[in-house]
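J.: task: produce atomic coordinates for the following.
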Amino acid sequence: NIYGIDFGTCNFKVFSKSSGKVVSEKNTIAIINKTQIYAYGDDAYAMYEKAPESINVTFPVSTGVIADYNFLQTMIFDYIEKKLKGRVKNAEFLVAVPTDITDVEKRAFFELFYKSKFRPKNVMLCEKPLADAVGLGIDVNQPTGVMENGCARILKVKTLNIQKTNIVEKGIATLLLESQYLHAINKYWWDVKFDLILYSTPPITFNKVIQTLKKRWNAKTYLMLKDIFPQNAVDLGMFSKKSFLYRMFKSKEEKLYELSDFIGCMSPANCEYVLKHNPAIDAAKVEICPNSVKLQERLKGDRKESELLKELNIPASKRIFIYGGNLGKPQGIDFLLKVIEENKKRDDSYFVIVGSGTEYMRVKLWFDTHLPQNACLLAALPKAKYDELVSLCDVGLIFLDKRFTIPNFPSRLLSYLECRMPVLMATDVNTDIGRIAEESGFGLWTENGNIDTFMEMIDFMVEDDKRMKEMGERGYRFLCENYTVDKSYKAIMKHF
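T.: Sure thing, here's the model as predicted:
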């Protein structure tokens, strides 16, 4: 007997290979008198906030991490033995787990089965993205190769880790990208003619790839400039302008601009910065081409009836502020934590922090130490669940380190605007998205570090529900007029 199990925050799924059956029910258990299971799955969830005091409805798995060990074992046993008519003893289990849980949390999943009456033959853990890829029919054993996706052909290239890792591994991996992609293109796409080459930063180490294909096929090139490196690394103190690394990456940056027929920048301040600090660039080839989204109707969820808010223990009665995205050095995490600390004095607002990154464990340690009552920290959520959560919140938050001399454009702004939310921003003085938000009437800005002004901005959002909603509507209109895929497509294709 082989069983596949997915411990989702919302739903608990079990698949039996022998029968081909799947059981999917709510990840919920009702406990009576603190010792016995009264109900589980959909039956238990139906009792949420309706059960008498003697019955406690709880969630044995929260954000992919085991919260209630013993009851979860009983729940698994009943699902397999009673609902799937299977046998757990001497069975094999393949368990999907989040990518960002710790080794200790992974060991808990092994012990869940081995330290039980299951007596399993084997237990294997599989990261959820890998399990999803297998479910979609992607050959995950092929490190590099071509895959079909509708009308697109995608060249999948195996690389080292370039995200959410230490600076040494990230640096080596970034430098190797160029040769890895050239090798893969020459092997699999040597006969494919390219008319237009689109590429973005980061990284800035694709010069040989771009140069080779441009020369081979006389292709046009368009750079979507999402980040200005290496200056951003200098701003954050990762290395100095006198270092070898800076000189090497600066040379690559200049070559990248030279190879690009056109450069699409994120904002007016980005355009000004690029031209000011790179006088060799022809101003005619620099334009605005910001991050964009394909608009979908995303209605505000019903907070009172929200299953997700209940499962995450987020109070529906308070004004909910959400920060979603990377938790790294560029975000100026110290000020984010200072805001949460200051907000402990309030009882009308609640902060939701969702994300992962190099500073996540520092943020988690702060939460574990300070135990804020009106804030929660969640590890990165699947996109669908994150989008649902954003639609249930009131105000979006953006933080950037005050040391930046380059203008930035945080991509998380788009999901806020798409959900018709006003935005509070604490950034450096060079980033112009705060000025744009205030001039367009969908947000408020202060410099990162100005705690008094930021708390006044929170007051402003809490005081007037109608005003907050009007700002959200203005943000959505601004999104429709400036940040749609159609706008970006036209900005690029008008040249070709």
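J.: need the helix or strand of this structure with the lowest average pLDDT.
T.: Least confident helix or strand of the chain, by mean pLDDT, DSSP states H and E, is strand 145-149 with a mean of 65.
J.: downstream neighbour of that strand in the secondary structure list?
T.: Using DSSP states H and E, the helix or strand that follows strand 145-149 towards the C-terminus is strand 152-156.
J.: model confidence over that next one, on average?
T.: If you average the pLDDT over strand 152-156, you get 83.
J.: what pairs with that strand, parallel or antiparallel?
T.: Based on DSSP bridges, the strands next to strand 152-156 in the sheet, each with its direction, are strand 145-149 (antiparallel).
J.: surely residue 472 touches residue 422?
T.: Yes. With contact defined as C-beta atoms under 8 Å, residue 472 counts as touching residue 422 (5.2 Å). All C-beta atoms are positioned from the backbone trio N, CA, C, and that covers glycine.
J.: which residue is the nearest non-sequential neighbour of residue 285?
T.: Leaving aside its sequence neighbours, residue 285 sits nearest to residue 262 (C-beta to C-beta, 6 or more residues apart in numbering; 4.9 Å).
J.: tell me where the stretch 1-150 of the chain has helices.
T.: In the stretch 1-150 of the chain, helices defined by DSSP state H, counting those that start in this stretch lie at 42-45, 69-78, 103-114, 128-135, listed in chain order.
J.: list the helices and strands the shortest one packs on?
T.: The reference is to helix 42-45. When contacts are defined as 3 or more C-beta pairs under 8 Å, 6 or more residues apart in numbering; DSSP states H and E, helix 42-45 sits against strand 22-26, strand 29-32.
J.: looking at those, which is closest to residue 463?
T.: For residue 463, the closest of these is strand 22-26, at 37.2 Å, according to C-beta to C-beta.
J.: picking that back up, check the helices and strands packed on helix 42-45 for me and report the most buried one.
T.: The highest mean neighbour count among the helices and strands packed on helix 42-45, using mean count of other C-beta atoms under 10 Å, belongs to strand 29-32: a mean of 20.
J.: strand partners of that strand, parallel vs antiparallel please.
T.: Within its sheet, strand 29-32 is paired with strand 36-40 (antiparallel), strand 55-58 (antiparallel), according to DSSP bridges.
J.: tell me which residue is most central in the chain.
T.: In the chain, the residue lying closest to the centroid (C-alpha atoms, centre = their mean) is residue 325, at 4.9 Å.
J.: which neighbours do residue 472 and residue 422 share?
T.: Taking C-beta atoms under 8 Å, 6 or more residues apart in numbering as the contact criterion, the residues that touch both residue 472 and residue 422 are residue 442.
J.: which one's more surrounded, those two?
T.: Set side by side, residue 472 and residue 422 show unequal neighbour counts under other C-beta atoms under 10 Å, the larger going to residue 422 at 26 against 23.
J.: close enough to count as contact, that one and residue 393?
T.: No. Using C-beta under 8 Å as the test, residue 422 is too far from residue 393 to be in contact (10.9 Å).
J.: what helix or strand is residue 444 on?
T.: In this structure, residue 444 is located in strand 443-447 according to DSSP H and E.
J.: show me the shaky parts of the stretch 301-450 of the chain.
T.: Counting by pLDDT under 70, the stretch 301-450 of the chain shows low-confidence ranges at 301.
J.: just the helices from it, written as ranges.
T.: Assigned helices in the stretch 301-450 of the chain, in chain order: 307-311, 333-343, 360-370, 383-391, 412-418, 433-440 (criterion: DSSP H, counting those that start in this stretch).
J.: among those helices, which is the most enclosed?
T.: Among the helices of the stretch 301-450 of the chain, the stretch with the highest mean neighbour count (mean count of other C-beta under 10 Å) is helix 412-418, at a mean of 23.
J.: quick one: the helices of the stretch 301-450 of the chain as JSON lines, columns for distance to residue 86 too.
T.: As requested, the helices of the stretch 301-450 of the chain are exported to JSON lines (distance: least, C-beta to C-beta, whole Å):
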{"stretch": "helix 307-311", "distance to residue 86": "27"}
{"stretch": "helix 333-343", "distance to residue 86": "46"}
{"stretch": "helix 360-370", "distance to residue 86": "37"}
{"stretch": "helix 383-391", "distance to residue 86": "29"}
{"stretch": "helix 412-418", "distance to residue 86": "41"}
{"stretch": "helix 433-440", "distance to residue 86": "54"}
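J.: out of the ones you listed, which is closest to residue 162?
T.: Taking C-beta to C-beta, helix 360-370 is the member of the helices of the stretch 301-450 of the chain nearest to residue 162, at 17.2 Å.
J.: please save the CA atoms from that closest one in CSV.
T.: Taking only C-alpha atoms (Å, rounded to 0.1, in the frame of the first residue of the first chain), the coordinates of helix 360-370 have been written out as CSV:
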residue,chain,number,x,y,z
TYR,A,360,13.0,35.6,7.7
MET,A,361,14.5,33.8,10.7
ARG,A,362,15.5,37.1,12.3
VAL,A,363,11.9,38.3,12.0
LYS,A,364,10.6,34.9,13.3
LEU,A,365,13.0,35.2,16.3
TRP,A,366,11.6,38.6,17.0
PHE,A,367,8.0,37.4,16.9
ASP,A,368,8.9,34.4,19.1
THR,A,369,10.6,36.7,21.6
HIS,A,370,8.1,39.6,21.7
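J.: need the contact partners of that helix.
T.: Contacting residues not belonging to helix 360-370 are listed as 100, 327, 333, 336, 337, 341, 353, 375, 376, 377, 379 [C-beta under 8 Å, 6+ apart].
J.: those: which two are farthest apart?
T.: For the contacts of helix 360-370, the maximum inter-member distance is 24.4 Å, found between 100 and 341 (C-beta to C-beta).
J.: can you give me the helices in the stretch 151-300 of the chain?
T.: Using DSSP H, counting those that start in this stretch, the helices assigned to the stretch 151-300 of the chain run over residues 167-188, 207-217, 231-235, 244-259, 268-277.
J.: what separation is there between residue 89 and residue 60?
T.: When C-beta to C-beta, to the nearest Å is applied, the distance between residue 89 and residue 60 equals 22 Å.
J.: more neighbours: those two, which one.
T.: residue 60 (22 against 11).
J.: phi and psi next, for that one.
T.: In this entry, residue 60 is assigned phi and psi values of phi -70, psi -20 (degrees, to the nearest 10).
J.: residues contacting residue 405?
T.: For residue 405, the residues meeting the contact criterion (C-beta under 8 Å, 6+ apart) are 231, 235, 428, 430.
J.: and residue 406, what does it touch?
T.: Counting by C-beta under 8 Å, 6+ apart, residue 406 touches 228, 231, 232, 235, 273, 430.
J.: rewinding a little: same list (the helices and strands packed on helix 42-45) but as TSV, adding mean pLDDT.
T.: Written out in TSV, the entries for the helices and strands packed on helix 42-45 read as follows (pLDDT from 0 to 100):
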stretch	mean pLDDT
strand 22-26	85
strand 29-32	85
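J.: since that was my last question, I'll sign off now.
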